[in-house]
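Trainee: structure for this input, please:
(chains A and B)
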Amino acid sequence: MVGRFFKEFSLFSAVLILIILAGIFATLYIYASDSIHQFGWHFLTTDVWEVGEDDEGGVFGGLIPIVGTLLTTLIAMVIAVPIAMGIAVFLTEVAHPMLIKPVSIAIELLAAIPSIIYGMWGLFYFAPIIQHLFGGSGVGLLTAGIVLAIMIVPFMSAITKDAMNVVPGVLKESAYAMGATKFEVIKDVVMPYSKTAIIGSVILALGRALGETMAVAFLIGSIMKFPKHLTDPTTSIPVLLANNFSEAQDLELSSMFYLSLVLFGVSFIIISIAKFYFLGRKR
Amino acid sequence: MKRRLTINKIILALSTLSALIGMGFLFWILGTLMYKGLATMHWDIFTKDLVNGGIRNLLVGQFVMALIATVIAVPLGVMAGIYLREYNSDGKISFVIRNLSDIMMSAPSIVIGVFVYALYVDRVGHFGGWGGIIALAIMMLPIIVSTTDNMLSLVPKELREAGIALGGSKHKIILQIVLKAAKIGLTTGILLSFARIVGETAPLLFTSSNSQFFTLNLNEQFPSLTVSIYNLATYPDQASKDLAWAASFVLTVVVLIINLGGRYLTRNRKK
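Mentor: Alright, predicted model coming up:
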């Protein structure tokens, strides 16, 4: 009797995951439906976000935050990928055994720092440096992208490191025996062997970068405008939600839900691709 | 030949440089926090509420929400993990749930906030502590599921077989043998995921929102340390900024201590 209840409860808990996930999609869709009916797919290509007269109606399009999200993510990826690969190579092939543990813990702690702290530090200490070096107001695409890069490096390097660690020693040794240098072993043996996991880790980090909110909220400038330069302020989907969701009503609120649905859908697809095609599905 | 050796040296140096960059940022951020945090820290911020320039109510609020979320998410997550590993390890449904749970773990936290706004705030008509708790619990659930699933898979089959041989029923074997064997790993997982949600901001912004006053009433706007940091940092006056730094320092110290504590537990086991 107890055993039966125990089993049923465990099944319920497991199915709860499905219910929540389906619930998120359904709820976002229902709340977004006004905006979806009004604007359809054009929502994604419209760069206007204006509340109508007397707070009635209005025109809403998500193009500016969508572009802002994509650009910050792109900048973050361009910076983070080489650094993360470098760290993974350092931890698996270069570092003295004594250094491996402390360095990998330090990198993992980077992932443990709450994102709001990255935002605080970035706004008061990092943004002024960017302003000094590149001009602009300090907050903008570039600052947000760089700080975002630091935040996703630990995820990428952890997965890549694990993949590089399981490359069979025999393979590497036979390359060394042929006279290959360490770099050649990494390039021609280690990288090809762990290729799929590396691509998976990059895509996974991409999915994370898309949805990062607080650090970017401090640093992107939060202005509903397309950036003309790398240092210009703009906005992203999570930042628009974080700053304007509470005050939004009616059609604007529905458009906010539309944006959430887009963000959730896109990151769901990206993370699924990383998991299923590259990181090996779990059995 | 010489060129190959030079390239080799350059690449290895760049790789070392990457590690230095990563560590450099860690120490830069932690150093800034120490410097600003200790400079702005006064003991009386722990005895005053936000309305009087302290963080007492914020610390209590943040902790209460994260703790109740943990109390909700841990049993559900552990039970779900038990189902996936002990009852239906190779089943189709377990395969689907296991992977969807992993995907949910990486879902944007702000979207969870939006979802709970629709689910809770829009229903009851006001912000409330329960909203924050639901959002944090949803964030925590997939982490606990995945940890439990992984930890239970490390428990040797022989232990379960010994339980069966003694005539134990399935749920007794799980509760008294399997969970016990996985205890340390599970504790670490729970600590790490607690450290993760206690520092979350985005899911709280429009669920619990924030409060300047001390309250334990979960049906009204609830004080949050992280949401307050976000607000205080953008106020123009220096006193607010200083308080934001002090609060950031306290938050980071707490998060890192829990994190390192969790790691320390598993390190001992490996010896």
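
Trainee: mind giving me the packing neighbours of the helix or strand containing A:G145?
Mentor: Following DSSP states H and E, one finds A:G145 within helix A:141-165. Applying 3 or more Cβ pairs under 8 Å, 6 or more residues apart in numbering or on different chains; DSSP states H and E, one finds that helix A:141-165 contacts helix A:63-89, helix A:97-112, helix A:115-121, helix A:127-134, helix A:195-211, helix A:214-219, helix B:2-40. Where you see a C-beta, it was placed from the backbone N, CA and C, and this is true even at glycine.

Trainee: okay, the ones you listed, which one's buried deepest?
Mentor: Per-residue neighbour counts averaged over each of the helices and strands packed on helix A:141-165 give the maximum for helix A:214-219, namely a mean of 29 (mean count of other Cβ atoms under 10 Å in any protein chain shown).

Trainee: other residues contacting that one?
Mentor: Among residues not part of helix A:214-219, those counted as contacts by Cβ atoms under 8 Å, 6 or more residues apart in numbering or on different chains are A:72, A:114-116, A:118-120, A:122-123, A:126-127, A:139-140, A:143-144, A:147-148, A:151, A:236, A:238-239, A:242-243, B:201-202, B:226, B:230, B:233.

Trainee: the next helix-or-strand element following that helix close to chain B?
Mentor: On the C-terminal side of helix A:214-219, the nearest following helix or strand under DSSP H and E is helix A:237-244. Yes - Helix A:237-244 comes into contact with chain B (Cβ under 8 Å from any Cβ of the partner chain), by way of A:238, A:241-242.

Trainee: most neighbours, which of these?
Mentor: By neighbour count, taken as other Cβ atoms under 10 Å in any protein chain shown, the most surrounded of the residues of helix A:237-244 next to chain B turns out to be A:P238 (31 neighbours).

Trainee: give the contact list for that residue.
Mentor: Going by Cβ under 8 Å, 6+ apart, A:P238 touches A:69, A:211-213, A:216-217, A:263, B:108, B:110, B:202.

Trainee: re earlier: tell me what angle the helix holding A:G145 forms with helix B:2-40.
Mentor: 120 degrees (axes from the mean of the first three to the mean of the last three Cα atoms, to 10 degrees).

Trainee: what's the angle from helix A:141-165 to helix A:127-134?
Mentor: With the same axes, to 10 degrees as the criterion, the two stretches helix A:141-165 and helix A:127-134 enclose an angle of 100 degrees.

Trainee: flag every buried residue along helix A:141-165.
Mentor: A:141-161, A:163-164 (16 or more other Cβ atoms under 10 Å in any protein chain shown).

Trainee: over to stretch B:50-63?
Mentor: Neighbour-count burial for stretch B:50-63, counted by 16+ other Cβ under 10 Å, picks out B:50, B:54-62.

Trainee: quick one: is it near chain A?
Mentor: No - Stretch B:50-63 lies apart from chain A when judged by Cβ under 8 Å from any Cβ; the minimum separation is 10.8 Å.

Trainee: list the contacts of that stretch.
Mentor: B:44-49, B:129, B:198, B:208, B:211-216, B:222-226, B:228, B:239, B:243, B:246-247, B:250-251.

Trainee: so which of these also contact chain A?
Mentor: Subset of the contacts of stretch B:50-63 in contact with chain A: B:226, B:251, counting by Cβ under 8 Å from any Cβ.

Trainee: where helices are concerned, which of the contacts of stretch B:50-63 count?
Mentor: By the criterion of DSSP state H, membership of those in helices covers B:129, B:198, B:225-226, B:228, B:239, B:243, B:246-247, B:250-251.

Trainee: just the buried residues of these.
Mentor: Neighbour counting with 16+ other Cβ under 10 Å marks B:129, B:198, B:225-226, B:228, B:243, B:246-247, B:250-251 as buried within those.

Trainee: give the contact list for the spatially closest residue to A:I75 that is not a sequence neighbour.
Mentor: Residue nearest to A:I75 in three dimensions, not counting chain neighbours: A:G145, with 2.8 Å by Cβ to Cβ, 6 or more residues apart in numbering or on different chains. A:G145 makes contact with A:71-76, A:79, according to Cβ under 8 Å, 6+ apart.

Trainee: and the gap between A:G145 and chain B?
Mentor: In this view, A:G145 and chain B are 14 Å apart by Cβ to the nearest Cβ, to the nearest Å.

Trainee: model confidence score at that residue, please.
Mentor: What the model reports as pLDDT for A:G145 is 95.

Trainee: now swap in A:D54 and tell me
Mentor: Model confidence at A:D54, given as pLDDT, is 69.

Trainee: which stretches of the chain have low pLDDT?
Mentor: With no chain named, the answer covers chain A. Judged by pLDDT under 70, chain A has its weakly predicted residues at A:54-55, A:280-283.

Trainee: chain B was what I was after
Mentor: Of all residues in chain B, those with pLDDT under 70 make up the ranges B:268-271.
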